[in-house]
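> coordinates only, sequence not included:
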């Protein structure tokens, strides 16, 4: 089989039907939906999609939320395809996306992963490409220099506001809301690192692919609509804390140049303070609505 699609869901009934119905491929493929004990009708959405037959879709119902990384690894472990597409349930693919991505991997054996252009629901470009974070780029972010100079190759390097989303090319880290990877690479790397339960597991995976010599390529001709944060937005304050801590965990794992403890003394309190400010701002906005 050429392609396996792995979708991790949690209370995603509002999105999953449209996502499944947007999947189009000229060859047989499988879709593996791993659900985190949803309390809404998520698990009933798959069978309701008339275009999906039991041959193509497999539902895995976990008794509790095991974390995004572990759930993806469950799906990857069941997958039979040569290529595996990690896909969020709040996405909707334009008709030839799967064909474009698979053909590119077929024709470029040195490329390990391909990512499409992500679009907001209103059709505007979603900024989905970043460079690998380092202690210095995170510092520019926390001090506000990246926002003051977003087009700077130094201060704005992490978020890459200067990236040309109309041009195909090799990138460090695309958002894994829709990311196609060779199954052999996932097997070699041991899948996603489950220490990154929710955030930065995709960044870590891209970093490890890069370190192993594989290229990741962005293809703007493949277009996917993405309603960003549909699941994580349901528990926003908790996710804010988790994202900041996962960022520090990533730096601790990969950015070990120099005296990391000295970097940690500076960055960890700043990350915690930034998370606190974001949670307070969210609470104030939520309470006022």
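Received the coordinates, thanks. Quick caveat, the model's predicted, so the values are computed rather than measured.
> Poorly predicted segments of the stretch 51-200 of the chain, please.
Applying pLDDT under 70 to the stretch 51-200 of the chain flags residues 51-56.
> which residues of it fall in helices?
68-78, 97-107, 135-142, 145-148, 183-189 (DSSP state H, counting those that start in this stretch).
> can you give me the angle the longest strand seen in the chain makes with helix 97-107?
In the chain, with assignment by DSSP state E, the single longest strand is strand 215-226. Counting by axes from the mean of the first three to the mean of the last three CA atoms, to 10 degrees, strand 215-226 lies at 180 degrees to helix 97-107.
> Next secondary structure after strand 215-226?
Using DSSP states H and E, the next helix or strand after strand 215-226 towards the C-terminus is helix 236-254.
> now for that following helix, which elements pack on it?
Under the contact definition 3 or more CB pairs under 8 Å, 6 or more residues apart in numbering; DSSP states H and E, helix 236-254 sits against helix 135-142, helix 201-211, helix 260-288. C-beta coordinates here come from the backbone N, C-alpha and C atoms, glycine included.
> Not counting its own residues, what contacts the second one?
Which is helix 201-211. Residues outside helix 201-211 that contact it (CB atoms under 8 Å, 6 or more residues apart in numbering): 68-69, 72, 86, 112-113, 130, 132-133, 172-176, 179, 181, 185, 189, 192-194, 196, 216, 246, 250, 253-254.
> and residue 198, what is it in contact with?
67, 68, 69, 232, 239, 242, 243, 246.
> Nearest to residue 81, out of the helices and strands packed on helix 236-254?
Counting by CB to CB, residue 81 lies closest to helix 201-211 out of these; the figure is 17.3 Å.
> Can you give me the buried ones in the closest one?
201, 202, 203, 204, 205, 206, 207, 208, 209, 210 (16 or more other CB atoms under 10 Å).
> give me the number of residues near the closest residue to residue 108 other than its chain neighbours?
Distances taken as CB to CB, 6 or more residues apart in numbering place residue 217 nearest to residue 108, at 7.3 Å, with adjacent residues excluded. The number of residues packed near residue 217 is 19, by other CB atoms under 10 Å.
> Tally up the residues packed near the nearest residue to residue 37 once chain neighbours are set aside, please.
Leaving aside its sequence neighbours, residue 37 sits nearest to residue 64 (CB to CB, 6+ apart; 5.1 Å). Residues lying near residue 64 (other CB under 10 Å) number 7.
> Need phi/psi at residue 64.
phi -160, psi 170 (degrees, to the nearest 10).
> gap between it and residue 39?
12 Å (CB to CB, to the nearest Å).
> Alright, I will stop here.
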